[in-house]
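[1] coordinates only, sequence not included:
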């Protein structure tokens, strides 16, 4: 897929690149805002309190959480290109209208449709043992009899580079890089197959990108570089990766059999736009977003059902509260984020001429656990305004500075548009991420409602301020 | 199996009934031991320190941990009745001899041999979704086409009892009792099928007996009561149980298909006895034990590879250190604990006449995480002696009083023999217990060595004291 080739830089960013809770803001201590603006922002305290209390206390948040749960329970996993994803989009459109918001549109685009069929693996030597695997999106299939080959366990690209080609050729490379952070370690998932293929490997298995496991493999996107043989590639559990490492260290010969089959084509999907039109500057946009697609394992409750839902809720709840800000609040339910920000790329292309109208862009795609604040990208002045607004949300007033907030919105951030993602207490995010463990069980109603309340009230202020958020 | 019918009382006790870390000793504050005995015990301080330091610092513990890891990596799961279990027993016998301990014998017995073949389940209504299942030991198979039936979710036996038979008949009962403690909640696994069958259910699925899940089902023993239809019974994950509960609460009709096949027969296995003969009272025994069999999922590293290994290590390391206590130290590697303490029951029967010779009996079957002390059963005087000995192991000097320390050894405790199990920092024990997550990854080398050092040094003192541990 061309977009993948062009966009390897974003491949490490999908879905919660940032472990946001570890970010502590130590900058922007020297903000000097116009006192009038400070005063204007302070005057929003009553309305933000009103919004949050209505959501927390008057059943609006409860209803949203119920609709969220019903959505996840009804549709479960919503992989890119599937009919189930399209039905879930239809459901959200209908739900929007049921809430009396009729300014809902969709924009079609072509998306990858990779379907996992059979997958299994077995250690044949030094003893027989089933190995749980979970193929990475876009992986090719094995022949139907599988691939049977000796395995070599390699813990880094540096060691791969230093290893004689003869040691790799014809083998299954098992990457067992220890989890450092998602950003550091995910390269073995996204690029491992290509790197190993360049040295003649016949398949790769990758230690799942997670700090903790109960024998749970984690899938995700991967990328075949140009001019390499496409070899099958899949995740294995931490437990099996560590076992294979020990066996190799004991100089045991390891032989594995891997069977994978899948299909890969292209389908039509849709980005969904829900607008609450601005009263003074309807052409100016504050975008709040999450992605509606998910991986095919688990239920896509955390990644990114929660973020999608609290973003969708912003125009819906402001409309219900009869609060119409000066600028348009647009909720976007991105499609096909997981295979590589496909929906966001299409939106960017389709709306190139209107990018200057995007005042601020937000995404929640790193969990909807207890909200802590925002990870903010933008000019110093932009960050100072956000910081001033956040004051009235204490203790939800932490400000991060990762440089890459969100997943889809990074494409817009890279164009100089200021934006933010939701900081939340997401230390366990990667325990569940892209695995069967991503279900409603990881969500806490109070926390999700608190995220929604903060997300809506903050968006309202930004969309209603007398000044635009300044760019670089 | 007759032993199961006779022993329903022990079915709730297998493998870590006690969350030992929560036990805080508030009794035995008024011990009055003979000052001479107190003095005698205190004099062991040098030798216990010596034993522990040799194990910690001089490589003995390192070697034991290496042998433990190699054992688990070589054999993996060791279910009752399998050839793999017998090979693993042979391995331990050879390892004992390699360490220069030749007083190793085995005692044959008949054990259940239940073999899991194909298992799968699928929700057909209100939507299609695979449901991970893990059959319980001794469950019968379904017909080859599976059982397709409506499901009813029931959270307690009380509610089952109060439900009209017509509501249950022909249905699959899903027990979704929330995890309170292993002891409280495991009855739905061990008795759920029988209770539901009495009301005409065609199968049961049980919310796994664990406080935490990453979509991980947990197996275990179950028991068919007399005169009930034997219906298939399996674990499901917390996540799916909670989903089914929500769907039922939303008044959705739930239809499931369950396919299970297995075989069940009887095989010969062996308890393994490793003796370090006592210098003064060779007929008197201090037994230290763990079970060598495991469930068929995971690797049996925690349950009970660790406990088996540190117990086996006691006579081996004392022999290596040329420390021969007055009484015989006997390590027992119980076979076939998981299906219902089968090895321990056979030993009890075979050694009925020698029970009076058992001075003290110990088992580690609740994890080998950071050691905290002992869970002790016995007369007040017995407990006071143990308490006095524990003083020299501070901070490993907590004393529990659950009444049911260990698993196999409960059979002996019930005969009035004093005994103890290892208290350790095992809050996460049930996260991994009886699941694919029971692997070497949950073990920490330093903690296991610390357990082994404490276990060996404590055993030595008890086996060497001038006085027997008094019974009730």
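    Structure's in. What do you need? Since the structure is predicted, the reported quantities are computational estimates derived from the model, not experimental observations. Numbering: from 1, shown residues only, chains lettered A, B, ... in the order given.
[2] pull out the buried residues from the longest helix seen in chain A.
    Taking DSSP state H as the criterion, chain A has its longest helix at helix A:445-464. By neighbour count on 16 or more other Cβ atoms under 10 Å in any protein chain shown, the buried set for helix A:445-464 is A:447-464. Every C-beta, even on glycine, is put in place using the N, C-alpha and C of the backbone.
[3] could I get the contacting residues of the nearest residue to residue A:339 once chain neighbours are set aside?
    Distance criterion Cβ to Cβ, 6 or more residues apart in numbering or on different chains; nearest residue to residue A:339, sequence neighbours excluded, is residue A:112 at 4.5 Å. Listed by Cβ atoms under 8 Å, 6 or more residues apart in numbering or on different chains, the contact partners of residue A:112 are A:1, A:80-81, A:137-138, A:264, A:266, A:336, A:339-340, A:342.
[4] so residue A:112 sits in a strand?
    Yes - assessed with DSSP: H, G, I helix; E, B strand; the rest coil, residue A:112 lies in a strand.
[5] what segments of the stretch 251-400 of chain A are helices?
    A:306-320, A:342-350, A:380-390 (DSSP state H, counting those that start in this stretch).
[6] return the most buried member of the ones you listed.
    Ranked by mean neighbour count, these are led by helix A:306-320 with a mean of 28 (mean count of other Cβ atoms under 10 Å in any protein chain shown).
[7] what packs against whichever helix or strand residue A:40 is part of?
    Counting by DSSP states H and E, the element that carries residue A:40 is helix A:35-42. On a contact count with 3 or more Cβ pairs under 8 Å, 6 or more residues apart in numbering or on different chains; DSSP states H and E, helix A:35-42 meets helix A:380-390.
[8] mind running it again at 6 Å?
    Helix A:35-42 sits against no helix or strand, with contacts defined as 3 or more Cβ pairs under 6 Å, 6 or more residues apart in numbering or on different chains; DSSP states H and E.
[9] may I see the buried residues of that helix?
    Quick answer for helix A:35-42 (16+ other Cβ under 10 Å): A:38, A:40-41.
[10] likewise for stretch A:207-227?
    A:207-211, A:213-224.
[11] likewise for stretch A:417-425?
    Applying 16+ other Cβ under 10 Å to stretch A:417-425 flags A:417-424 as buried.
[12] now swap in stretch A:177-184 and tell me
    Buried residues in stretch A:177-184 (16+ other Cβ under 10 Å): A:177, A:179, A:182.
[13] ditto for stretch A:255-269
    In stretch A:255-269, counting by 16+ other Cβ under 10 Å, buried: A:255-262, A:267, A:269.
[14] low-confidence ranges, chain A, go.
    A:1-28 (pLDDT under 70).
[15] break it down into its structural domains.
    Here the domain parsing of chain A from automatic domain parsing is A:2-103+A:277-464, A:114-264.
[16] number of nearby residues for the closest residue to residue A:312 other than its chain neighbours?
    Once flanking residues are discounted, residue A:312 sits nearest to residue A:331: 4.9 Å by Cβ to Cβ, 6+ apart. Look at residue A:331: counted by other Cβ atoms under 10 Å in any protein chain shown, it has 29 neighbours.
[17] wait, doesn't residue A:331 sit right on residue A:290?
    No - the pair residue A:331 and residue A:290 fails to qualify as a contact (Cβ atoms under 6 Å) at a distance of 8.4 Å.
[18] where do the contact lists of those two overlap?
    Taking Cβ atoms under 6 Å, 6 or more residues apart in numbering or on different chains as the contact rule, residue A:331 and residue A:290 both touch residue A:311.
[19] tilt between the helix holding residue A:40 and helix A:445-464?
    Orientation of helix A:35-42 against helix A:445-464 (axes from the mean of the first three to the mean of the last three Cα atoms, to 10 degrees) gives an angle of 140 degrees.
[20] what lies in contact with helix A:35-42?
    Here helix A:35-42 has contacts from A:388-389, using Cβ under 6 Å, 6+ apart.
[21] give the next helix or strand downstream of it.
    helix A:45-57.
[22] which elements pack onto that next one?
    Using 3+ Cβ pairs under 6 Å, 6+ apart: helix A:45-57 touches helix A:445-464.
[23] pull the distance from the helix it packs on to the chain's centre.
    Per Cα atoms, centre = their mean, to the nearest Å, the displacement of helix A:445-464 from the mean C-alpha position of its chain is 19 Å.
[24] touching chain B at all, it?
    No - against chain B, helix A:445-464 shows no contacts by Cβ under 6 Å from any Cβ of the partner chain, the least distance being 12.3 Å.
[25] which residues does that helix contact?
    Helix A:445-464 has contacts (Cβ under 6 Å, 6+ apart) with A:44, A:48, A:51-52, A:55-56, A:61, A:64-65, A:286, A:288, A:306, A:310, A:313-314, A:317-318, A:325-327, A:329, A:360, A:368-371, A:389, A:393, A:396.
[26] ok, now stretch A:263-270?
    Stretch A:263-270 is contacted by residues A:81, A:89, A:106, A:108, A:110-111, A:113-115, A:335-336 when judged by Cβ under 6 Å, 6+ apart.
[27] nearest to residue B:348, of those residues?
    Nearest to residue B:348 out of those is residue A:115 (Cβ to Cβ; 56.0 Å).
[28] any idea which element the closest one lies in?
    Per DSSP H and E, residue A:115 falls inside strand A:104-125.
[29] what's the first helix or strand after that strand?
    strand A:129-131.
[30] spell out which parts of chain A neighbour chain B.
    Near chain B, when you scan chain A using Cβ under 6 Å from any Cβ, you find A:73, A:76, A:129, A:214-216, A:238-239, A:242, A:246, A:436-437, A:439, A:441.
[31] buried stuff in whatever helix or strand residue A:194 lives in?
    Assigned by DSSP H and E, residue A:194 belongs to helix A:192-197. Across helix A:192-197, burial judged by 16+ other Cβ under 10 Å covers A:192-197.
[32] which residues sit against that helix?
    By Cβ under 6 Å, 6+ apart, helix A:192-197 touches A:157, A:173, A:175, A:204, A:206, A:222, A:224-225, A:228-229, A:231, A:233.
[33] between the residues you listed, which sits nearest residue B:349?
    residue A:206 (51.3 Å).
[34] helix, strand, or coil at that closest one?
    Residue A:206 ends up strand, using three-state DSSP.
[35] that one: neighbour count?
    Residue A:206 has 31 neighbours, counted by other Cβ under 10 Å.
[36] residue A:353 now?
    The number of residues packed around residue A:353, counting by other Cβ under 10 Å, is 7.
[37] quick check: it vs residue A:112, distance?
    Distance, residue A:353 to residue A:112, using Cβ to Cβ, to the nearest Å: 27 Å.
[38] which parts of chain A are strands?
    All strands of chain A, identified by DSSP state E, fall at A:104-125, A:129-131, A:133-135, A:147-154, A:172-175, A:203-207, A:233-236, A:255-276, A:281-291, A:327-334, A:358-363, A:371-377, A:398-400, A:419-424.
[39] tell me what angle the last one forms with strand A:281-291.
    Going by the same axes, to 10 degrees, strand A:419-424 is angled at 40 degrees with respect to strand A:281-291.
[40] follow-up on the earlier one: looking at the contacts of stretch A:263-270, which has the most residues close by?
    residue A:335 (32 neighbours).
[41] for that one, grab phi and psi.
    Backbone geometry at residue A:335, expressed as degrees, to the nearest 10, gives phi -100, psi 160.
[42] next one: the helix holding residue A:194 to chain centre, how far?
    24 Å.
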